[in-house]
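K.L.:
no FASTA, just this:
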């Protein structure tokens, strides 16, 4: 088996242990005589899978009984509409813009009500998180929305904004399960699973119960949180195999010691890469140090030609998907939970070698 180190931003690498277990169970899950991909979502076997996945997520994230864990479809992009459709009362909301995805989320919310842009870091190509204070937020807003980690630009919130009693909503697609968070500080957390949880196709939403049941009249049935909460995420056929894979990833995390332990690993991996970038004369990071992501590390050289040469030669050395997002160029190493320490070490070693050979 010749596996590469996959630094893709998503779909991204999955834990080898989870993949190997899925491989063993691919033809027949347990005593069912069929693959998870073939079984009815109404079967007792699948009910056990989805129940196990939810229980593990609740354990790992310490999710209280006053929150629903919903297994949805449509990616985080569908949540851009689902959140305002379910939370709008005054039809007023505050958004902090820290990248492409928060801009798209704000634009979608603007179709149904008034969006107040509290702050933006677009003036410096989203290379930092704006300083936020309590007096910047509207007391009568229906919710405040942030993008917790910015996949394209490599920034993250190291502290949460003080929004008072207004529900805080966070897109955590690229940071969920990577570091300890206090779920009780949020009204809604949502995440596309294809970065740190499971294959593409699954979206997880953690929704405080008091925010369910107040959707606007125009809300489509499938975009109403109540629909999915009342039906155990099985109003329609859910993404069964992705949920199964999510449960395997959660089992892997639980065995490691949970979020506290994986955060230590993630901080170590990120430290290896950032320390090299800070000492390099060829490569440089593009993000303000105080706001650096643990998951996505963008970097550049001083020429597009050198960037392209690095990406090509890295691939030849088993380090793949290092090309930066098309909107910013350069390089980006996504080092999610499943990226082993050895992968980051090999990347740093190759960067050192490349720098020496291309002075």
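P.N.:
Everything's here; your move. Because the structure is a prediction, the values reported are computed rather than measured.
K.L.:
what's around residue 317, how many residues?
P.N.:
15 (other C-beta atoms under 10 Å). Just so you know, the C-beta spots here come from the backbone N, C-alpha and C atoms, and that holds for glycine as well.
K.L.:
before we move on, what about the one 5 residues further on?
P.N.:
Counted by other C-beta under 10 Å, the residues lying close to residue 322 total 23.
K.L.:
Angles on the backbone of it, please.
P.N.:
Geometry field for residue 322 lists phi and psi as phi -100, psi 0, criterion degrees, to the nearest 10.
K.L.:
Need the pLDDT of it.
P.N.:
Residue 322 is assigned a pLDDT of 98 by the prediction.
K.L.:
isn't it right up against residue 316?
P.N.:
No. The criterion here is C-beta atoms under 8 Å, and residue 322 misses it with residue 316 at 11.7 Å.
K.L.:
how about the helices of the stretch 201-350 of the chain, start to end?
P.N.:
Here the stretch 201-350 of the chain has its helices, by DSSP state H, counting those that start in this stretch, at 225-230, 240-256, 259-279, 304-316, 341-357.
K.L.:
Most tightly packed of those?
P.N.:
helix 240-256 (a mean of 22; mean count of other C-beta atoms under 10 Å).
K.L.:
Average pLDDT for that one, rounded please.
P.N.:
98.
K.L.:
Give me every residue in contact with it, excluding its own residues.
P.N.:
With C-beta atoms under 8 Å, 6 or more residues apart in numbering as the test, helix 240-256 has contacts from 14-15, 17-18, 21-22, 29, 36-37, 39, 41, 46, 49-50, 52-53, 56-57, 59-60, 71, 177, 193, 197-202, 204, 259, 262, 265, 337-338.
K.L.:
Go again with 7 Å.
P.N.:
Helix 240-256 is contacted from outside by 14-15, 17-18, 21-22, 36-37, 41, 46, 49-50, 52-53, 56-57, 59-60, 71, 177, 193, 197-199, 201-202, 262, using C-beta atoms under 7 Å, 6 or more residues apart in numbering.
K.L.:
PyMOL command for the buried members of these?
P.N.:
Buried subset of these, written as a PyMOL selection, criterion 16 or more other C-beta atoms under 10 Å:
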select buried, resi 14+15+18+22+36+41+46+49+50+52+53+56+57+60+71+177+193+197+198+199+201+202+262
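K.L.:
Now, the contacts of helix 240-256 that are in helices?
P.N.:
Mapping the contacts of helix 240-256 onto helices (DSSP state H) picks out 17-18, 21-22, 46, 49-50, 52-53, 56-57, 59-60, 262.
K.L.:
Need the max-distance pair from those residues.
P.N.:
Between any two of the ones in helices among the contacts of helix 240-256, the greatest separation by C-beta to C-beta is 27.2 Å, found for 46 and 262.
K.L.:
what would the helices of the stretch 201-350 of the chain look like in CSV with distance to residue 100?
P.N.:
Output for those, formatted as CSV (distance: least, C-beta to C-beta, whole Å):
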stretch, distance to residue 100
helix 225-230, 25
helix 240-256, 24
helix 259-279, 22
helix 304-316, 20
helix 341-357, 25
